[in-house]
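> Fold the following for me, if possible:
(one chain, ligands or ions: 1)
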Amino acid sequence: MVHLGLGNFFRAHQAWYTDRAADADQWGIAAFAGRSMGIGAELQRQDNLYTLVSVGPQGNEYRVISSLAATHSGTDVAGLLAYFTDPAVSVVTMTITEAGYARNERGELDAANPDVASDIDVIAAGNLGAVRTAPGKLVAGLVARRDAGAGPITLISCDNVPDNGAMLERVLRDLAARAVPDLAEYLDGQVGFVTTMVDRITPRATDATWQAVQDEQGVDDPAAIATEPFSEWVLAGDVKAPLPDWASAGAVFVDDVVPHELRKLWLLNGAHSLLAYAATIKGHQTVSDAIADPIVKGWVNEWWDVAARHLPLDAAVIADYRAALLERFGNPRMRDQLSRIAADGSQKIPIRIVPALKADREAGNSPLGAERAVAAWTLHLRGLGAPFNDARADKISDLGTGTLEDSVRKVCEFLDIDDRDSKAGILALARQLEA
Ligand code: CS2
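Numbering: from 1, shown residues only. Just a heads-up that it's a prediction; the model follows:
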């Protein structure tokens, strides 16, 4: 299998499931970093083996992960195309972040993005090796695979975006329609898209992780990473070619993944984003410190009450998940930095917070818990709390300028929130948070 996005989350999640699958000895992952080599150089020096540290509230567990067979730089497009033409490769997974799909506000491929426009041109000209974006690389790979007659393949997005299989299919079809219209037949018949919910909180790697591996395992592993004990993977969709036996490692295949995705995206990720913007204004730096503050915990519960009113799930399922999340967030040994979660809010707030906010106003309620998250993000854009870091900084930096009232108005416009009461609520909450 091939994976795009050699980040910590992939190494703690999909690589870990593949390592523990009953047929693990039949599989190896060729993983491609983002632009630069990233951790790939360290991994190559140690035969692509690394230690995964599961950080429980009481102590650590260690496992050497051996599912990674090769690591490549993101610029090695020739290497990527070679895998696509190999019939032994049957699945491509990806963790390329919300921004990596190069979508515009309407969820279509953003053809106005210069890198996307360039990919359309080079693919149309048959110069497949010159692609730059993830959608460009995937379409180029599929063209190469079709031309090589290498057979069917399954593509699996593992990013926190609702209905990520359909989302991926849409951007690839948009790109193909502009660059190689005759790829449509191959896409219809030979390419499967799988939608997934992925979950495992994986903080940034720190020296403390490396030190623990050194002290407790006697191994100097610069590629070691830490993660939480909890993990979940729910998949649904059109499997066109063999996959590792992930079910034997705990993954669950269902008919409809959407309720699972919403549960995770709203309750876990939504609370994460609220904490990243609101709790950092109060001076907290990690999730566990923030959730230990009763005021912050109250904000999270208020958000969860809003979200719960609109989740298509039994109340008991939601209550259990909330209780489990409080334990996960409270794990004091994890040290998950809120600045990690604060990144790319322009991609996260619209899918994590806004749908429940709007649904709740439409139902005649006052979704204060959701509006506080938008208020806190507004202040974040104005320089409060966690440092600003957003893949779409060029498009959104103006939202934080002018008076607070200006900012709230622009943020609401950006998020397509036009309800008057919501706007007033967000402004009032922003004033409170600022004070
Ligand atoms: C976090 C996620 O970065 C973020 O915004 O909310 O990385 C979160 O830790 C994972 O989705 C947990 O599965």
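> residues in the stretch 301-435 of the chain within reach of the ligand, list them.
Listed as neighbours of the ligand in the stretch 301-435 of the chain under the rule C-beta under 6 Å from any ligand atom: 340-341, 348. For every residue, glycine as well, the C-beta is placed using N, CA and C.
> can you rerun that using 8 Å?
Selection of the stretch 301-435 of the chain residues close to the ligand by C-beta under 8 Å from any ligand atom yields 336, 340-341, 343-344, 348.
> Between those, which sits nearest Ile96?
Closest to Ile96 out of those is Asp344 (11.9 Å), distances taken as C-beta to C-beta.
> which residues sit in contact with that closest one?
97-99, 389-392 (C-beta atoms under 8 Å, 6 or more residues apart in numbering).
> hmm, which two among the residues you listed are most spread apart?
Longest span within the contacts of Asp344, C-beta to C-beta: Glu98 and Asn389, 13.5 Å.
> So between these two, which is more surrounded?
Glu98 (20 against 12; other C-beta atoms under 10 Å).
> my read: that one touches Val161, true?
Yes. Between Glu98 and Val161 there is a contact at 5.7 Å, judged by C-beta atoms under 8 Å.
> Give me the common contacts of the two.
Common neighbours of Glu98 and Val161 (C-beta under 8 Å, 6+ apart) are Ile351.
> So which elements touch the helix or strand hosting Gln432?
Gln432 belongs to helix 420-434 when assigned by DSSP states H and E. Helix 420-434 is packed against helix 354-362, helix 368-381, helix 404-415, with contacts defined by 3 or more C-beta pairs under 8 Å, 6 or more residues apart in numbering; DSSP states H and E.
> which of those helices sits most buried?
helix 368-381 (a mean of 27; mean count of other C-beta atoms under 10 Å).
> Which neighbouring elements make contact with that helix?
helix 271-274, helix 280-281, helix 294-308, helix 345-352, helix 354-362, helix 404-415, helix 420-434.
> quick one, the third one and helix 354-362 angle?
The directions of helix 294-308 and helix 354-362 differ by 80 degrees, with axes from the mean of the first three to the mean of the last three C-alpha atoms, to 10 degrees as the criterion.
> what does helix 294-308 rub up against?
266-267, 270-271, 274-275, 278-279, 282, 284, 290-291, 315, 318, 322, 326, 329, 353, 356-357, 360, 365, 367-370, 372-373.
> Let's see that with 6 Å instead.
266-267, 271, 274, 278-279, 290-291, 318, 322, 356, 360, 367-370, 372 (C-beta atoms under 6 Å, 6 or more residues apart in numbering).
> picking up where we left off before, and the helix holding Gln432 with helix 294-308, angle?
Inter-element angle recorded for helix 420-434 and helix 294-308: 160 degrees (by the same axes, to 10 degrees).
> what mean pLDDT would you report for helix 420-434?
The average pLDDT for helix 420-434 rounds to 98.
> Mind exporting the C-alpha coordinates of it to CSV?
Listed next in CSV are the C-alpha coordinates belonging to helix 420-434 (Å, rounded to 0.1, in the frame of the first residue of the first chain):
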residue,chain,number,x,y,z
ARG,A,420,-28.7,38.3,14.0
ASP,A,421,-29.0,36.8,17.4
SER,A,422,-26.0,34.6,16.7
LYS,A,423,-23.9,37.6,15.6
ALA,A,424,-24.9,39.5,18.7
GLY,A,425,-24.1,36.5,20.9
ILE,A,426,-20.7,36.0,19.3
LEU,A,427,-19.8,39.7,19.9
ALA,A,428,-21.0,39.6,23.5
LEU,A,429,-19.0,36.4,24.2
ALA,A,430,-15.9,37.8,22.4
ARG,A,431,-16.1,40.9,24.7
GLN,A,432,-16.3,38.7,27.7
LEU,A,433,-13.4,36.5,26.6
GLU,A,434,-11.3,39.5,25.8
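> Let me have the helices and strands packed on helix 420-434 in CSV, extended by mean pLDDT and distance to Leu142.
Formatted as CSV, these follow (pLDDT from 0 to 100; distance: least, C-beta to C-beta, whole Å):
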stretch, mean pLDDT, distance to Leu142
helix 354-362, 98, 31
helix 368-381, 98, 37
helix 404-415, 98, 34
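> Point out where the stretch 151-300 of the chain drops to low pLDDT.
Applying pLDDT under 70 to the stretch 151-300 of the chain flags no residue at all.
> Show me which residues of it sit near the ligand.
The stretch 151-300 of the chain comes close to the ligand at residues 160, 198-202, 264, 268-269, 272-273, 276, as judged by C-beta under 8 Å from any ligand atom.
> do that again at 6 Å, thanks
Residues of the stretch 151-300 of the chain lying near the ligand (C-beta under 6 Å from any ligand atom): 160, 199-201, 268-269, 272.
> Could I get the contacts of Asp344 in JSON lines, plus columns for pLDDT and secondary structure?
Shown next, in JSON lines, are those (pLDDT from 0 to 100; DSSP: H, G, I helix; E, B strand; the rest coil):
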{"residue": "Thr97", "pLDDT": "94", "secondary structure": "coil"}
{"residue": "Glu98", "pLDDT": "91", "secondary structure": "helix"}
{"residue": "Ala99", "pLDDT": "91", "secondary structure": "helix"}
{"residue": "Asn389", "pLDDT": "95", "secondary structure": "coil"}
{"residue": "Asp390", "pLDDT": "96", "secondary structure": "coil"}
{"residue": "Ala391", "pLDDT": "90", "secondary structure": "coil"}
{"residue": "Arg392", "pLDDT": "90", "secondary structure": "coil"}
